[in-house]
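Student: Sequence plus predicted model, see below.
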Amino acid sequence: MRPVLEGLCKYESLLDDTLTLGDIALMNDALNVRAENQIRIQEAAERNRP
């Protein structure tokens, strides 16, 4: 449901076979990368604070 909740696709696309499991996996991977990058940015900013 993460791709739906993040606005990457509509729930109906999951139901009507518009998207494959591969599509969903790719979107989940992209969301994981984005989340990891945000964590790294926050950690770097905290390390660089005076």
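Tutor: Noted; the coordinates are in hand.

Student: Quick one: residues contacting the residue sitting nearest the centre point of the chain.
Tutor: For the chain, the residue nearest the mean C-alpha position is residue 31 (1.5 Å; Cα atoms, centre = their mean). Applying Cβ atoms under 8 Å, 6 or more residues apart in numbering to residue 31 gives the contacts 2, 3, 6, 8. The C-beta positions use only the backbone N, C-alpha and C, and glycine is treated the same way.

Student: ok, now how distant is it from residue 10?
Tutor: Here residue 31 is placed at a distance of 16 Å from residue 10 (Cβ to Cβ, to the nearest Å).

Student: next one: residue 41
Tutor: Separation of residue 41 from residue 10 (Cβ to Cβ): 29 Å.

Student: Just want to know which of these two has more residues nearby.
Tutor: Legend: neighbour count by other Cβ atoms under 10 Å for residue 41 and residue 10, higher for residue 10 (13 against 10).

Student: show me the contacts for that one.
Tutor: residue 4.

Student: let's have the chain start at 22 instead
Tutor: Got it, the first residue is 22 from now on, which makes the last one we talked about residue 31.

Student: quick one, phi/psi of it?
Tutor: Note on residue 31: its backbone torsions stand at phi -100, psi 150 [degrees, to the nearest 10].

Student: And it, what's its pLDDT?
Tutor: Among the per-residue scores, residue 31 shows a pLDDT of 97.

Student: What of residue 36?
Tutor: Reading off the model, residue 36 has pLDDT 95.
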